[in-house]
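**Student:** generate coordinates for the sequence data below:
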Amino acid sequence: TRHFTALLHRARLRRIRFHDLRHSTATLLLEQGVELVVIKELLGHAHIGVTATVYAHVRLRLQRDAIDLLSHALHGPAGAVNRLDEGGEPPLSAAPVR
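**Tutor:** As a prediction, this is how the structure comes out:
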């Protein structure tokens, strides 16, 4: 811990706990699409329920982002005017591929 604190001081970074690095790592991995079971194993959690509970807030945000992507794919950007094609049908919308 002292060595870690000294590294932070030398790098002119604010004081954080080593545990905060674990949390940041798991959050970043989840946001990159790494499966929860892989993160569980990397963190050394005995049960996936621990990992799922601790990082539930991240998963909820990712779910909201996924819903927003789907909405955009189906309806276009928020506030977009719905236009009809020559046959009176709405144009097909292509979902972005990630």
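**Student:** ok, the residue nearest the centre of the chain - contacts?
**Tutor:** Using Cα atoms, centre = their mean, the residue of the chain that lies closest to the mean C-alpha position is Glu31, 2.8 Å off. Shown in contact with Glu31 (Cβ atoms under 8 Å, 6 or more residues apart in numbering): 58, 62. For glycine as for every other residue, the C-beta is placed from the backbone atoms N, C-alpha and C.
**Student:** show me what whichever helix in the chain runs longest is packed up against.
**Tutor:** Of all the segments of type helix in the chain, defined by DSSP state H, the longest one is helix 56-75. For helix 56-75, the helices and strands in contact under the criterion 3 or more Cβ pairs under 8 Å, 6 or more residues apart in numbering; DSSP states H and E are helix 18-31.
**Student:** just want the angle from the helix it packs on to helix 56-75.
**Tutor:** An angle of 20 degrees separates the directions of helix 18-31 and helix 56-75 when computed by axes from the mean of the first three to the mean of the last three Cα atoms, to 10 degrees.
**Student:** report the buried residues of helix 18-31.
**Tutor:** By neighbour count with 16 or more other Cβ atoms under 10 Å, helix 18-31 contains the buried residues 26-27, 29-30.
**Student:** can I get that helix in PDB, CA atoms only?
**Tutor:** Backbone C-alpha positions of helix 18-31 (Å, rounded to 0.1, in the frame of the first residue of the first chain) are rendered in PDB as follows:
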ATOM      1  CA  PHE A  18      -6.000  -0.100  -4.500                       C
ATOM      2  CA  HIS A  19      -9.600  -1.500  -4.300                       C
ATOM      3  CA  ASP A  20     -10.700   1.400  -6.500                       C
ATOM      4  CA  LEU A  21      -8.500   0.100  -9.300                       C
ATOM      5  CA  ARG A  22     -10.300  -3.300  -9.100                       C
ATOM      6  CA  HIS A  23     -13.600  -1.500  -9.300                       C
ATOM      7  CA  SER A  24     -12.500   0.700 -12.300                       C
ATOM      8  CA  THR A  25     -11.100  -2.400 -14.000                       C
ATOM      9  CA  ALA A  26     -14.300  -4.300 -13.700                       C
ATOM     10  CA  THR A  27     -16.400  -1.300 -14.800                       C
ATOM     11  CA  LEU A  28     -14.200  -0.700 -17.900                       C
ATOM     12  CA  LEU A  29     -14.300  -4.400 -18.800                       C
ATOM     13  CA  LEU A  30     -18.100  -4.500 -18.600                       C
ATOM     14  CA  GLU A  31     -18.400  -1.400 -20.700                       C
END
